[in-house]
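Q: Got a predicted structure plus its sequence, pasted below:
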Amino acid sequence: MLDILMTPIRAMRMRYVPLLLIYFAYGASGFIGIAESFWVKEELNLSAEDLVALSVWLMVPWTIKMIFGQLVDSVKILGSNRKVYVYIGATLMALATMLLIGLAGKASWLVDYPKESVYIFASVLSMVGFVMQDVVADTMSTEVIDKNQTQEEINQELAMIQVLARLSLGLAVFFMGWLGGKLASIYSYETMFTLSLFIPIISVLGVSFVRLNNVESTPLNRQIFFGGLLFAVFIVLVGYNDIPYSQEIVFVISLGVVLYFLNTIIEDLDKETIHHIKMAMIIIFVYRAMPSVGPGVQWWQIDVLGFDKSFFADLSLIGGGLALLGMWISAQYIVNHSIGKVLIWLTVLFTILSLPTIGLYYDIHTMLGFDARHVAMIDTALASPFDYIAGVLMLTLVAIYAPEGKKGTWFALMASLMNIAMSAGRLFTKYLNQAFEITREIKEGDVVVTQANYSELGTLLWIVIIVGFVVPIVTILIFDPKVKMSKE
């Protein structure tokens, strides 16, 4: 057991620290998560379907990551094609935060603009900043390794860097999410948004000190870069003109474009490697495409179960801490076992741990004499590590197959594929929220314009749990590429 606990510590190198700060900054974005959720619920007139639809559009910057990947691989600004893009991303994040500060503080320079529109613009701006930093961080994660090793040792180091990156991210989620929730119960929304300006500062500090292996820039792949730009323009035009089924159109075109570009990137590899990659792509896509319940479940927890900001902060602390511990303990297991095997276990466990929420909805906890908050705490504690572990497995696979000279584009395209899968999941979530309508109480002044209705939440929960178990298990059993990090 001690050997397992010591694995991440022994694997740590000083050259990783600046890179890990960038991942920490991404995890720290949860600092305003609780405050933002309550602010949106209280101040903006957005339905559950609206918020799910917004989440689909917020995946678009992740979908066009190939543009940023090409920039990172090939285009230098002020002599840099790594650090400068983190600085640009931090600037965008800071600008988005300033908009939120203005909205929460009812700034005079924003009064002529609809709050919902400004919020959506700020959300997209912030997301672009995070995407840009994410592309650079993923690329740099393959450039801080020791190249004087065997290929198997390099694979293990790549896997361990991904584990350490998730641990850094998890540490930020663990502490910052809890801290943000606690402070949100004390300070105003304007103050909370102002405090969150520390997030881009952390990423800037990290990238300013990182040291990388020398990697030559590669010529710009005009097909991918300009094709990606045209694709981005197409997405903006479709969304701006409010074309019917615009999200579905963007999803289908996005999937086709990214798969075409990925096929271009891997066409020089041997047939067996290409086959393994394609099988892995199918598993990753399906695993990430599972629907969720949507914001209605949190509204129900607030309105019916009485969960407040402070309690959500406690849940964040428990979830983040256990995710961190679970990732720490499982580090050795992750780098030594096949991806399919681990994902099957994760799917089974995650399904089992989804059942307490069903129990809370049907009031079983009251019949058994349990407090709803205790049940939620235990459920969060048990379930929290598994999503992190699945993410590490997927990113490790991506890192192992990253082709020399094309790593930025490779990571960007694979991340685009994963995020298109998440868009699929959010589209399914939107359809489910259309079929099973869940509403929170909305007031205009003292007049209730929309009544709270959570009567169909139970059915929605059951559908999400069953689909999330059956579909991934069947897909993994059929398409498992049996990729291992090292010999078992």
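A: Done, it's in.

Q: how far out from the middle of the chain is stretch 423-435?
A: 17 Å (Cα atoms, centre = their mean, to the nearest Å).

Q: before we move on, what about stretch 195-211?
A: That offset, for stretch 195-211, works out to 19 Å (Cα atoms, centre = their mean).

Q: again, but for stretch 460-480
A: The answer for stretch 460-480 is 20 Å, by Cα atoms, centre = their mean.

Q: Which positions in that stretch come out as buried?
A: 460-461, 463-465, 468-469, 471-472, 475-476, 479-480 (16 or more other Cβ atoms under 10 Å). C-betas here are computed from N, CA, C, even on glycine.

Q: List phi and psi for residue 77.
A: phi -120, psi 120 (degrees, to the nearest 10).

Q: Remind me which helix or strand the nearest residue to it once chain neighbours are set aside belongs to.
A: Spatially, and ignoring its direct neighbours in sequence, residue 77 is nearest to residue 84 (4.6 Å; Cβ to Cβ, 6 or more residues apart in numbering). Secondary structure from DSSP states H and E places residue 84 in helix 83-104.

Q: Just the CA trace of that helix, in CSV.
A: The C-alpha trace of helix 83-104 is given here as CSV (Å, rounded to 0.1, in the frame of the first residue of the first chain):
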residue,chain,number,x,y,z
LYS,A,83,4.1,30.6,-24.0
VAL,A,84,2.6,33.4,-26.0
TYR,A,85,-0.7,31.5,-26.5
VAL,A,86,-1.1,31.0,-22.8
TYR,A,87,-0.7,34.7,-22.3
ILE,A,88,-3.4,35.4,-24.9
GLY,A,89,-5.7,32.8,-23.3
ALA,A,90,-5.2,34.4,-19.9
THR,A,91,-6.1,37.8,-21.3
LEU,A,92,-9.3,36.5,-22.8
MET,A,93,-10.2,34.8,-19.4
ALA,A,94,-9.6,38.1,-17.6
LEU,A,95,-11.8,40.1,-20.1
ALA,A,96,-14.6,37.6,-19.6
THR,A,97,-14.3,37.9,-15.8
MET,A,98,-14.5,41.7,-16.1
LEU,A,99,-17.8,41.3,-17.9
LEU,A,100,-19.2,39.1,-15.2
ILE,A,101,-18.0,41.7,-12.6
GLY,A,102,-19.8,44.4,-14.5
LEU,A,103,-23.0,42.3,-14.7
ALA,A,104,-23.1,41.4,-11.1
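
Q: Following element in sequence after that helix, please.
A: helix 115-140.

Q: list the helices and strands that following helix packs on?
A: Judged by 3 or more Cβ pairs under 8 Å, 6 or more residues apart in numbering; DSSP states H and E, helix 115-140 is in contact with helix 17-27, helix 48-57, helix 60-63, helix 65-74, helix 83-104, helix 198-209, helix 407-435.

Q: ok and that helix relative to helix 407-435, angle-wise?
A: 140 degrees (axes from the mean of the first three to the mean of the last three Cα atoms, to 10 degrees).

Q: and the next element down the chain from helix 115-140?
A: Downstream of helix 115-140 (by DSSP H and E), the next one is helix 151-184.

Q: mind listing what's buried in that next one?
A: Residues of helix 151-184 classed as buried: 154-184 (neighbour count, 16+ other Cβ under 10 Å).

Q: circling back to that earlier point, so which bits of the helix holding residue 84 are buried?
A: For helix 83-104, a neighbour-count test (16+ other Cβ under 10 Å) marks 83-90, 92-94, 96-104 as buried.

Q: do stretch 271-281 as well
A: 276, 277, 279, 280, 281.

Q: Turn those into JSON lines, columns for pLDDT, distance to residue 260 and secondary structure.
A: Below are these laid out as JSON lines (pLDDT from 0 to 100; distance: Cβ to Cβ, whole Å; DSSP: H, G, I helix; E, B strand; the rest coil):
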{"residue": "276", "pLDDT": "74", "distance to residue 260": "20", "secondary structure": "helix"}
{"residue": "277", "pLDDT": "75", "distance to residue 260": "15", "secondary structure": "helix"}
{"residue": "279", "pLDDT": "81", "distance to residue 260": "19", "secondary structure": "helix"}
{"residue": "280", "pLDDT": "74", "distance to residue 260": "18", "secondary structure": "helix"}
{"residue": "281", "pLDDT": "80", "distance to residue 260": "13", "secondary structure": "helix"}
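
Q: picking that back up, residue 263: which of the buried residues of stretch 460-480 is nearest?
A: residue 479 (17.2 Å; Cβ to Cβ).

Q: any idea how far that closest one lies from residue 356?
A: 31 Å (Cβ to Cβ, to the nearest Å).

Q: can you count the residues close to residue 13?
A: 13 (other Cβ atoms under 10 Å).

Q: who's in contact with the residue nearest in space to the middle of the chain?
A: When Cα atoms, centre = their mean is applied to the chain, the residue found nearest the centroid is residue 419 (8.4 Å). Neighbouring residues of residue 419 by Cβ atoms under 8 Å, 6 or more residues apart in numbering: 59, 62, 63, 65, 288.

Q: Could you identify the buried members of those residues?
A: Counted by 16+ other Cβ under 10 Å, the contacts of residue 419 give 59, 62, 63, 65, 288 as buried.

Q: re earlier: go through the helices and strands packed on helix 115-140 and pick out the most buried.
A: helix 65-74 (a mean of 26; mean count of other Cβ atoms under 10 Å).

Q: tally of neighbours for residue 14?
A: 7.

Q: So it versus residue 436, what's the distance?
A: With the distance defined as Cβ to Cβ, residue 14 ends up 52 Å from residue 436.

Q: State the phi and psi torsions of residue 80.
A: Dihedral angles (degrees, to the nearest 10) for residue 80: phi -130, psi 140.

Q: Quick one, grab the pLDDT at it.
A: The model reports residue 80 with a pLDDT of 79.

Q: residues in contact with it?
A: Here residue 80 is in contact with no residue (Cβ under 8 Å, 6+ apart).

Q: and with 10 Å instead?
A: Contact partners of residue 80, counting by Cβ atoms under 10 Å, 6 or more residues apart in numbering, are 86, 87, 207.

Q: hang on, the second one packs against residue 205?
A: No - at 11.2 Å, residue 87 does not count as touching residue 205 under the criterion of Cβ atoms under 10 Å.

Q: hang on, the earlier thing: tell me the one of the contacts of residue 419 nearest residue 427?
A: residue 59 (9.8 Å).

Q: quick one: the closest one from residue 274, how far?
A: 27 Å.

Q: With residue 250 instead?
A: Applying Cβ to Cβ to residue 250 and residue 274 gives a distance of 27 Å.

Q: what's the answer for residue 281, then?
A: Residue 281 is 10 Å from residue 274, by Cβ to Cβ.

Q: got any residues that touch both of these two?
A: Listed as contacting both residue 281 and residue 274 by Cβ under 10 Å, 6+ apart are residue 266.

Q: Got the confidence number for residue 272?
A: pLDDT for residue 272: 77.

Q: Which of the buried residues of stretch 460-480 fall in helices?
A: Among the buried residues of stretch 460-480, DSSP state H puts 460, 461, 463, 464, 465, 468, 469, 471, 472, 475, 476, 479 in helices.

Q: which ones are touching the second one?
A: This points to residue 461. Contacts of residue 461 by Cβ under 10 Å, 6+ apart are 293, 296, 297, 300, 354, 355, 357, 358, 360, 361, 362, 436.
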